[in-house]
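Asker: fold the following.
(chains A and B)
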Amino acid sequence: MSGMKTDLKLIDENGKRIDGRGFDELRPIKIEAGVLERADGSAYIEWGGNKIIAAVYGPREVYPKHMQDPSKAVLRARYNMAAFSVDERKKPGPDRRSIELSMVISNALSSVVFLEQFPRTAIDVFIEVLQADAGTRIAGLTAASVALADAGIPMKDLIVGCAAGKVENTIVLDLNKEEDNFGQADLPVAIIPRTKDVVLFQMDGDMTQEEIDKAMDMAINAAMKIYDLQKDALKRKYFSIVQEDEQ
Amino acid sequence: MSKFTESVVSEIKKDYIQKLLSQGSRLDGRAYDEFRKIEIVKNFVPRACGSALVKIGNTQVLVGVKIEPGEPFPDTPDTGVLSTNAELVPLASPTFEAGPPGEEAIELARVVDRGIRESKAVDLEKLVIKPGELVWVVFVDIHVLDYDGNLFDASALGSIIALKNSIIPASKFNQGDDFPLPMNHYPATVTFAKIGDNMVVDPNLDEENIAHARITISSDESGRIHAIQKGLEGTFKIEEIKNAISMAISIGNKLRDEYILKGD
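Answerer: Below is the predicted model:
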């Protein structure tokens, strides 16, 4: 939460949000698998105004060599925002925020990948935010897990997430830019959908315990819907390959 | 200790710690919801505007606050600036290396920062000297001296106590008389480690080394939550997070009464 103040009315008298959505409504989401030629796996996601591309390279040799782990692969995710992705130009390169996000995303993805099958290797995941519109870490993570599947890397399941938050004392799903800037709290969650185990969980702002419970349930329910979109994206790519082969 | 011997030792210890936990006890005899002994030395560094040396068990963290005039951020012209930084200096552990802050130090600083910032602990609106031009900039610097687990809670506790005791050196900058840093709230931060299916509060280094997940929760005096961070590669059940939040509120209240508000 940036704590900025505004005269903007984030929820109108009919209970509609600034972009016309209801409290528990997601923004439109589109996912596509296998969008890059050179990467071993890739995915593109549009989530509201977010446009994010994720690529996977590996398992491959680890550089620098001292990062090697003799018992398993190291999974390294790098979350990066393009300079032009936000209103005010962002200075290129990693900043403290992107280093933290890279870390929590790496941890989340590591929980589902069978890393022990590829000792002494690196699995590199690159997430490039081309346009940012709030919720980029979760959108990037959601795309990254599709890219890992597209690269054929063995996993327990995909990872999927969603954020919920608090705007004008109301718990709402999937904050947009204005709600993120001027809202009261943000709570991104990511899960392993089959077990509902939580792999990423952050919160900042001001919430009671009851509000957190509500936001968490709302975000997890929505994540399950996004899981279907992820599976669809993978099926679309591989189904079309099968069709080409049959012709 | 090399990486190899470290991992062998931890395998043996891991089994032992896990066996103890399954029987309901911890290596150092604490209850699951019990902190190690906490000691605080306020104003350890008189040259700082405020400071606190915090010991939780063998973990030692020194937090210093420096306050000076500076420019506000363009998007918040009418509030002071708060900046939190953490250094894991190599004297604190054989595993810490010199150089610019790594991802662990950055995560530590950002989680502590969110607890202070989101609870509006410091009244930043009272730190304006000339609106849009000159405000007080508050630097919180976390210096880890001895790493024996749970840097999050030690750093958060040290930061809030150092801030609470800070004096703005206004006279030094010809801005009138010195005055205490205005505070609104006193957040308390509580961290749990998940080992097997057990959650323990204030993990020591042995426990941290074998934990697969971690969660840090900051709450204020009215039980409102301001920051949560899940860490490490492991997972939590939804119920485990909900339980951790209620425990963090009650343990946080005790920390606040005994260590943050004490001595007023």
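
Asker: for the stretch 101-250 of chain B, what spans make up the helices?
Answerer: All helices of the stretch 101-250 of chain B, identified by DSSP state H, counting those that start in this stretch, fall at B:103-118, B:151-164, B:205-210, B:238-255.

Asker: if you average pLDDT over each of those, which is lowest?
Answerer: Per-segment mean pLDDT for the helices of the stretch 101-250 of chain B reaches its minimum on helix B:205-210, at a mean of 91.

Asker: ok now that helix, how far from the chain's centre?
Answerer: The chain centre lies 18 Å from the centre of helix B:205-210; the measure is C-alpha atoms, centre = their mean, to the nearest Å.

Asker: how about that helix: buried residues?
Answerer: B:206-210 (16 or more other C-beta atoms under 10 Å in any protein chain shown). For every residue, glycine as well, the C-beta is placed using N, CA and C.

Asker: hang on, the earlier thing: which one of the helices of the stretch 101-250 of chain B is the most hemmed in?
Answerer: helix B:151-164 (a mean of 28; mean count of other C-beta atoms under 10 Å in any protein chain shown).

Asker: any part of it near chain A?
Answerer: No: for helix B:151-164, no contact with chain A is found by C-beta under 8 Å from any C-beta of the partner chain; the gap never falls below 13.4 Å.

Asker: who are the packing partners of that helix?
Answerer: Packing contacts for helix B:151-164, counted by 3 or more C-beta pairs under 8 Å, 6 or more residues apart in numbering or on different chains; DSSP states H and E, involve strand B:38-42, strand B:50-56, strand B:59-70, strand B:81-87, helix B:103-118, strand B:134-146, strand B:188-195, strand B:213-219.

Asker: repeat the analysis, applying 7 Å as the threshold.
Answerer: If contacts are counted by 3 or more C-beta pairs under 7 Å, 6 or more residues apart in numbering or on different chains; DSSP states H and E, helix B:151-164 sits against strand B:50-56, strand B:59-70, helix B:103-118, strand B:134-146, strand B:188-195.

Asker: which positions in chain A make contact with chain B?
Answerer: Residues of chain A found near chain B (C-beta under 7 Å from any C-beta of the partner chain) are A:1, A:4, A:96, A:99-100, A:103, A:107, A:110-111, A:192, A:196-209, A:212-213, A:216.

Asker: and the helices and strands packed on helix B:151-164, which is most packed in?
Answerer: Highest mean neighbour count among those (mean count of other C-beta under 10 Å): strand B:188-195, with a mean of 26.

Asker: got a list of contacts for that strand?
Answerer: Contact partners of strand B:188-195, identified using C-beta atoms under 7 Å, 6 or more residues apart in numbering or on different chains, comprise B:17-18, B:21, B:115, B:150, B:152-153, B:156, B:199-203, B:207-208, B:210-219, B:234, B:236, B:244, B:248, B:251-252, B:255-256, B:260.

Asker: strand partners (parallel or antiparallel) of it?
Answerer: Strand B:188-195 has its sheet partners listed here by DSSP bridges as strand B:198-201 (antiparallel), strand B:213-219 (antiparallel).

Asker: save those as JSON lines, and put in distance to A:Ala55, mean neighbour count and mean pLDDT too.
Answerer: Written out in JSON lines, the entries for these read as follows (distance: least, C-beta to C-beta, whole Å; neighbours: other C-beta atoms under 10 Å in any protein chain shown; pLDDT from 0 to 100):
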{"stretch": "strand B:198-201", "distance to A:Ala55": "36", "mean neighbour count": "21", "mean pLDDT": "95"}
{"stretch": "strand B:213-219", "distance to A:Ala55": "28", "mean neighbour count": "26", "mean pLDDT": "98"}
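
Asker: out of those, which gets nearest to B:Val122?
Answerer: Judged by C-beta to C-beta, the one of the strands paired with strand B:188-195 that comes nearest to B:Val122 is strand B:213-219, at 14.0 Å.

Asker: what angle separates that closest one from helix B:103-118?
Answerer: Compare the direction of strand B:213-219 with that of helix B:103-118 by axes from the mean of the first three to the mean of the last three C-alpha atoms, to 10 degrees and you get 20 degrees.

Asker: quick one: the host helix or strand of A:Val104 to strand B:81-87, angle?
Answerer: Here A:Val104 sits within helix A:96-110, counting by DSSP states H and E. Inter-element angle recorded for helix A:96-110 and strand B:81-87: 50 degrees (by the same axes, to 10 degrees).

Asker: got the angle for the next helix-or-strand element following helix A:96-110 vs helix A:96-110?
Answerer: Later in the chain than helix A:96-110, the nearest helix or strand by DSSP H and E is strand A:121-131. Between strand A:121-131 and helix A:96-110, the angle comes out at 130 degrees (the same axes, to 10 degrees).

Asker: what's the spacing between A:Gln202 and A:Met218?
Answerer: From A:Gln202 across to A:Met218, the span is 16 Å (C-beta to C-beta, to the nearest Å).

Asker: could I get the buried residues of helix B:205-210 in JSON lines, plus columns for distance to chain A?
Answerer: Putting the buried residues of helix B:205-210 into JSON lines (distance: C-beta to the nearest C-beta, whole Å) gives the following:
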{"residue": "B:Asp206", "distance to chain A": "20"}
{"residue": "B:Glu207", "distance to chain A": "18"}
{"residue": "B:Glu208", "distance to chain A": "15"}
{"residue": "B:Asn209", "distance to chain A": "15"}
{"residue": "B:Ile210", "distance to chain A": "15"}
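
Asker: go through stretch A:142-152 and flag the buried ones.
Answerer: With burial defined by 16+ other C-beta under 10 Å, the residues of stretch A:142-152 counted as buried are A:142-151.

Asker: residue ranges of the helices in chain A, please?
Answerer: Ranges of helices within chain A are A:96-110, A:136-150, A:177-182, A:209-246, based on DSSP state H.

Asker: centre-most residue in chain B?
Answerer: When C-alpha atoms, centre = their mean is applied to chain B, the residue found nearest the centroid is B:Ala156 (2.2 Å).

Asker: surely that one meets B:Val112?
Answerer: Yes: the criterion here is C-beta atoms under 7 Å, and B:Ala156 meets it with B:Val112 at 4.9 Å.

Asker: which residues touch the residue lying closest to B:Thr189 once chain neighbours are set aside?
Answerer: Spatial nearest neighbour of B:Thr189, excluding adjacent residues (C-beta to C-beta, 6 or more residues apart in numbering or on different chains): B:Ala156 at 3.5 Å. B:Ala156 makes contacts with B:112, B:115, B:189, B:218, as judged by C-beta under 7 Å, 6+ apart.

Asker: so which of those is the closest to B:Ile142?
Answerer: B:Val112 (6.6 Å).

Asker: now do the contacts for that closest one.
Answerer: Taking C-beta under 7 Å, 6+ apart, we find B:Val112 in contact with B:84, B:142, B:155-156, B:159.

Asker: now with 6 Å, please.
Answerer: With contacts defined as C-beta atoms under 6 Å, 6 or more residues apart in numbering or on different chains, B:Val112 is in contact with B:84, B:155-156, B:159.

Asker: rewinding a little: just the buried residues of the residues of chain A next to chain B.
Answerer: Judged by 16+ other C-beta under 10 Å, buried ones among the residues of chain A next to chain B: A:1, A:96, A:99-100, A:103, A:107, A:110-111, A:192, A:197-207, A:209, A:212-213, A:216.

Asker: helix or strand for the nearest residue to B:Pro131 once chain neighbours are set aside, which one?
Answerer: Leaving out its chain neighbours, the residue that sits closest to B:Pro131 by C-beta to C-beta, 6+ apart is B:Asp78, at 5.3 Å. Using DSSP H and E, B:Asp78 sits within no helix or strand.

Asker: out of the helices of the stretch 101-250 of chain B, flag the one nearest B:Pro131.
Answerer: Closest among these, once you apply C-beta to C-beta, is helix B:103-118, at 20.5 Å.
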